[in-house]
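Undergrad: Take a look and give me a structure for this.
(one chain, ligands or ions: 3)
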Amino acid sequence: MTTTLITGGTVVNSTGRVLADVLIDGEQIAAILPPGSVLLGTDLSASVDQVIDATGKYVIPGGIDAHTHMEMPFGGTFASDTFETGTTAAAWGGTTTIVDFAVQYAGEDPLTQYEAWHAKAAGKCAIDYGFHQILSDVQPASLQAMDELVAEGVTSFKLFMAYKNVLLSEDGQILTAMQKAADNGALIMMHAENGSWIDTVVQQLVADGKTDPLYHGISRPWQAEEEATHRAIMLADYTKAPLYVVHVSAKQAVAQIAAARDNGQNVFGETCPQYLYLTLEDQLGAPGFEGAKWVCSTPLRSKAEGHQDHMWQALRTNDLQLVSTDHCPFCMNQKQMGLGDFSKIPNGIGSVEHRVDLLYQGVVTGQISLERWVELIAVTPARMFGMYGTKGVLAPGADADVVVYDPNGHTSIGLGKTHHMNMDYSAWEGFEIDGHVDTVLSRGSVVVDGGQFLGRAGHGRFVKRDLSQYLV
Ligand code: URP
Ligand code: ZN
Ligand code: ZN
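TA: Numbering: from 1, shown residues only. Ligands and ions are numbered 1, 2, ... in the order given. Below you'll find the predicted structure:
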């Protein structure tokens with residue numbers, strides 16, 4: 001077993017920061033020690049297998065991205081990152097655990113699909129991974145499957161209020177899934193957009209010849225997000241199910257979530273980096289077909305309406321609790337399926353490599369504290385999805401998933417070649433980051449260091465998750 005000592009850094013958890021050394025024994029953290037590497041009179045740096053000098057740097061728990069879609073079959077094609085390429089890119093960016101989605105499309109058997117997703121990921125992942133289960137047409141067999149999946153460590157289920165005939169669940173189906181979740185303790189994750197409303201506007205726009213990528217955003221107004229968020233909250237209130245609203249982009253949806261929380265409901269909200277930085281005007285509205293790069297749902301919102309600033313505010317005030325990427329990348333030839341009809345552009349943006357850096361900019365600009373950054377990228381996802389203690393914290397006994405982050409470093413997000421996601425462009429091209437992911441350890445193994453990838457496909461293990469640690 002390899003022993004590692006990370007010396008001289010500032011260890012940051014959500015509870016505070018301290019100058020300390022981190023001793024790792026094998027796959028776990030053995031001790032957080034006063035700086036100086038001395039234990040019972042022994043100079044540890046002389047007796048361990050490797051020493052990582054973190055002087056002047058932050059030592060933080062590895063990032064947990066709780067919303068990714070590797071290899072997802074979607075929009076007539078597949079998300080372009082495999083479990084291997086996507087988890088490798090994640091590691092480059094300081095993420096050491098992902099929670100991806102096994103998908104049950106209408107008519108399919110959830111447990112068969114769950115096994116199929118295990119087969120895709122097994123032996124491929126460079127970092128640890130768990131699964132949520134997507135349920136579309138909720139049938140009696142789906143409800144039984146929910147119990148079996150919770151026992152397997154799949155303790156969260158995503159439902160869709162949009163994408164009719166593909167993924168959408170009717171309200172009555174959502175109701176029964178929520179009743180089951182209220183019973184077995186699982187968390188319901190909701191894609192909250194009014195699908196029927198959107199489908200009608202899409203038809204109208206396309207019939208009017210309004211087919212550019214910008215109209216993807218126009219066809220999915222904030223009112224359709226607010227309405228669906230409210231409906232999901234009402235269904236959750238009635239059934240007493242805990243609810244986690246994914247990829248929130250509208251400030252009005254945030255208000256619905258905040259009101260439900262004030263009302264005492266177990267309702268939580270996630271946003272994504274794209275809704276903090278990118279806009280309908282600047283990205284979706286880019287000339288020609290360029291805007292296709294940023295077609296995702298919920299859509300990028302109008303800068304003039306102030307949604308982006310409101311997302312930062314909500315992260316600061318805890319009206320929103322965490323930031324995941326909704327990583328669902330497509331190459332340009334895949335996006336071109338929607339040339340001449342925005343509704344055929346596969347929905348999704350690739351960001352799994354950049355979430356830790358992009359959120360760190362909130363610290364640089366004074367929007368969130370250093371501790372809140374760590375909370376948003378690692379601690380809350382661990383607690384929300386039943387991994388805290390093993391993941392999401394630097395403490396004795398936790399997995400040694402550790403990132404050494406240099407606040408004085410710099411990261412330029414450039415063209416396709418400079419990132420590691422399987423995409424031939426970057427949705428984040430031109431972003432300059434104050435800060436740099438220097439070293440990444442996954443369960444005690446150095447997987448990224450000195451600008452080199454040292455990990456391997458198959459190192460990552462399936463994480464069997466507990467029930468959400470936010471629920472009593
Ligand atoms: O555009 C998106 N979000 N693509 C992935 C599927 C989903 O709804 O999360
Ligand atoms: Zn979604
Ligand atoms: Zn998603």
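
Undergrad: residue contacts, the closest residue in space to T411 that isn't next to it in sequence?
TA: Nearest residue to T411 in three dimensions, chain neighbours excluded: I433, at 3.8 Å (C-beta to C-beta, 6 or more residues apart in numbering). C-beta here means a position set from N, CA and C on the backbone, and glycine is covered the same way. By C-beta atoms under 8 Å, 6 or more residues apart in numbering, I433 lies in contact with H354, D357, L358, Y360, Q361, H410, T411, S412, I413.

Undergrad: SS state for the third one?
TA: Which is L358. Here L358 is helix, with the state taken from DSSP: H, G, I helix; E, B strand; the rest coil.

Undergrad: so what's L243 up against?
TA: M178, L187, I188, M190, A232, I233, A236, A260, Q265, N266, V267, F268.

Undergrad: Please verify my assumption that the second one contacts P242.
TA: Read it as L187. Yes - L187 lies in contact with P242 (C-beta atoms under 8 Å); the separation is 5.1 Å.

Undergrad: which stretches of the chain have low pLDDT?
TA: Scanning the chain for pLDDT under 70 picks out the ranges 38, 40, 415-417.

Undergrad: how about the residues of it that lie near ligand 1?
TA: Proximity of the chain to ligand 1 (C-beta under 6 Å from any ligand atom) is limited to residues H69, H191, H247, C296, S297, D326, C328, N347, G348.

Undergrad: Among the contacts of L243, name the ones in helices.
TA: Taking DSSP state H as the definition of helices, the contacts of L243 contribute M178, A232, I233, A236, A260.

Undergrad: Grab the nearest non-local neighbour of G153.
TA: Nearest to G153 is K464, by C-beta to C-beta, 6+ apart, at 2.9 Å.

Undergrad: the strands in the stretch 301-450 of the chain, which residues?
TA: Along the stretch 301-450 of the chain, counting by DSSP state E, counting those that start in this stretch, strands occupy 322-323, 402-412, 432-442, 445-449.

Undergrad: Okay, buried residues for the second one please.
TA: With burial defined by 16 or more other C-beta atoms under 10 Å, the residues of strand 402-412 counted as buried are V402, V403, V404, Y405, D406, T411.

Undergrad: Include distance to F289 when you put those residues into a markdown table, please.
TA: Output for the buried residues of strand 402-412, formatted as a markdown table (distance: C-beta to C-beta, whole Å):
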| residue | distance to F289 |
| --- | --- |
| V402 | 42 |
| V403 | 37 |
| V404 | 40 |
| Y405 | 37 |
| D406 | 38 |
| T411 | 28 |
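
Undergrad: Pick the one among those closest to G209.
TA: T411 (41.4 Å; C-beta to C-beta).

Undergrad: The closest one and G435 touch, don't they?
TA: Yes - shown here, T411 and G435 form a contact pair, counting by C-beta under 8 Å, at 6.6 Å.

Undergrad: Mind listing the shared neighbours of these two?
TA: Jointly contacting T411 and G435 under the rule C-beta under 8 Å, 6+ apart are D357.

Undergrad: Tell me how many other residues surround M421.
TA: 24 (other C-beta atoms under 10 Å).

Undergrad: sorry, back to before: just flag the most distant two among the buried residues of strand 402-412.
TA: Longest span within the buried residues of strand 402-412, C-beta to C-beta: V402 and T411, 18.6 Å.

Undergrad: which SS state does the closest residue to A116 other than its chain neighbours fall under?
TA: Excluding its sequence neighbours, the residue lying closest to A116 (C-beta to C-beta, 6+ apart) is A102, at 7.4 Å. State at A102, reduced to three classes by three-state DSSP: strand.

Undergrad: quick one: the residue nearest to T176 when sequence neighbours are not counted and ligand 1, what's the gap?
TA: The spatially closest residue to T176, leaving aside those adjacent along the chain, is V138, at 5.7 Å (C-beta to C-beta, 6+ apart). Separation of V138 from ligand 1 (C-beta to the nearest ligand atom, to the nearest Å) stands at 17 Å.

Undergrad: Would you agree V138 is in contact with Q179?
TA: No - using C-beta under 8 Å, V138 is not in contact with Q179; the gap is 10.3 Å.

Undergrad: More neighbours: the two, which one.
TA: Between V138 and Q179, V138 has the larger neighbour count (other C-beta under 10 Å), namely 24 against 16.

Undergrad: Return the residues in contact with the more buried one.
TA: By C-beta under 8 Å, 6+ apart, the contact list for V138 reads L159, S169, Q173, I174, T176, A177.

Undergrad: One more: G389?
TA: With C-beta under 8 Å, 6+ apart, G389 has these contacts: A382, G397, A398.

Undergrad: Over to Q223?
TA: Q252.

Undergrad: can you tell me the helix or strand for it?
TA: helix 222-239 (DSSP states H and E).

Undergrad: That helix: how far from the chain's middle?
TA: 22 Å (C-alpha atoms, centre = their mean, to the nearest Å).

Undergrad: what's the following helix or strand after it?
TA: strand 243-245.
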